Structures are given as structure tokens and as C-alpha cells.
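Q: what's the 3D shape of this:
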Amino acid sequence: MSTTTTRTPKTSRTERTAERERGAVTSSYEADREKVLEMLNGALATELVCTLRYRRHHAMAEGLRSRPAAAEFLTHAQQELDHAQTLAHRIVQLGGEPDYSPAGLAERSHADYVAGDSLEEMIRSNLEAERLAVDSYRAMIREIGDGDPTTRRLLEDILAVEEEHADDMAGLLDDA
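A: Model prediction:
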């Protein structure tokens, strides 16, 4: 009975140190890291813009039927901020830098910042932004594929919440 062992090629101390310093990005990482970082920073910008839009809508919601909408806006604002933080942590894990710069934030975002003059306009702009976010996350998930399963799962989790947000806004629109 023979025992076969698989040996990994010898690596120099410098190579091992460099590998260790890359953190989560090992030699088996198959995605285009720069492309993933670009996508994640775009998603980060989107989440920040959505947080700001929802916060404004929470503050500005007025009228007889505004209380449930305002409460929903505040809840969504916090969830979007949580998404932003999750994305920022993943960017750092992948050796990148999260771009929180206000300069160009709206241009990097997949969704627009719409102030909204009426409760109905606020709800409609949030619904549109959520639908854009859903499409953006689906496209990112397809692009990443199996090359980075951790990032893909993170995006899938965020996508599920964004789909809930779209449903919430559609429900509020029905009630408005």
C-alpha cells in the first residue's frame, strides 16, 4: 500500500510574505480584482446616495398619509447605510479603498438623488432608485460569477433587501 502526498511548490520567504500581505486575495482568487473593486465602489456610491435621499424624504414627508411612508424612509435609510458599510469592508478586504468622497458621488451612483416635492414623488423616486439598484446588483452578480463567491453572496444578500425595498415602495404608492 503506497501513500501519495501532494507537495506544493516551494516558495521563497519573500513570496510567502507578499502572499500573506494580500489578505483575502489569495492566488486562487479568480475574479478581476480591479473590476470588482470598481463595481463595489459604484455600489457604495449608490448606497450612500440612497441613504441621503431617504433621509431627506423622511424629514420632508408631510400630509395625512405621510407617517407610514416617513417611517419606511427612515428604516430604508439605515439599511442602505448598513449596505454601504458592508461594501466598504469588502473593498478593504480585497485590498482596495472605499471611495466616500462627496466629489462625484452622484456621478458614481447607479441611482439619482431626487429631492421630491410631494410624498407621491418621493415614493416614486425611491421605487425607481430601488428598481435600478436591483438591476445593478443582478448585473454585478452575473459579472462576478464564480470568480469571487464571497462578494457574490454579499451582493445577493443586499439584492434581496433591495427587492424588499422596491416592494415596500410599490405598496406605499398603492396607498398614496
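Q: List the contacts of the most centrally placed residue in the chain.
A: In the chain, the centroid-proximal residue (Cα atoms, centre = their mean) is A43; its distance is 4.3 Å. Neighbouring residues of A43 by Cβ atoms under 8 Å, 6 or more residues apart in numbering: 83, 87, 110, 136-137, 140, 155, 158. (Glycine included, C-beta is placed from N, CA and C.)
Q: run the last query once more with 6 Å
A: Contacts for A43 (Cβ atoms under 6 Å, 6 or more residues apart in numbering) come out as L87.
Q: mean confidence score for the one helix or strand R138 maps to?
A: Assessed by DSSP states H and E, R138 sits inside helix 119-144. Helix 119-144 shows a mean pLDDT of 97.
Q: Check stretch 52-70 too.
A: Rounded mean pLDDT across stretch 52-70 is 94.
Q: just the helices in this protein please.
A: All helices of the chain, identified by DSSP state H, fall at 13-21, 33-60, 66-93, 105-108, 119-144, 149-175.
Q: In a markdown table: those, plus distance to D99.
A: Listed next are those as a markdown table, based on distance: least, Cβ to Cβ, whole Å:
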| stretch | distance to D99 |
| --- | --- |
| helix 13-21 | 22 |
| helix 33-60 | 5 |
| helix 66-93 | 8 |
| helix 105-108 | 7 |
| helix 119-144 | 16 |
| helix 149-175 | 17 |
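Q: what separates T51 from R33, distance-wise?
A: 26 Å (Cβ to Cβ, to the nearest Å).
Q: Next: N126.
A: 33 Å.
Q: Compare the two (neighbour count), which wins?
A: N126 (27 against 17; other Cβ atoms under 10 Å).
Q: show me the contacts for the nearest residue to that one once chain neighbours are set aside.
A: Spatial nearest neighbour of N126, excluding adjacent residues (Cβ to Cβ, 6 or more residues apart in numbering): M169 at 4.9 Å. By Cβ under 6 Å, 6+ apart, M169 lies in contact with 123, 126-127, 130.
Q: Pick the one among those residues closest to V25.
A: Nearest to V25, judged by Cβ to Cβ, of the contacts of M169 is E130 at 31.4 Å.
Q: From what I see, the closest one and D167 are in contact.
A: No: with contact defined as Cβ atoms under 6 Å, E130 does not reach D167; the gap is 8.7 Å.
Q: Looking at the two, which has the bigger crowd around it?
A: Between E130 and D167, counted using other Cβ under 10 Å, the more crowded position is E130 (24 against 12).
Q: what number of residues lie near the nearest residue to that one once chain neighbours are set aside?
A: Leaving aside its chain neighbours, E130 sits nearest to A166 (3.9 Å; criterion: Cβ to Cβ, 6+ apart). Other residues within reach of A166 by the criterion other Cβ under 10 Å amount to 19.
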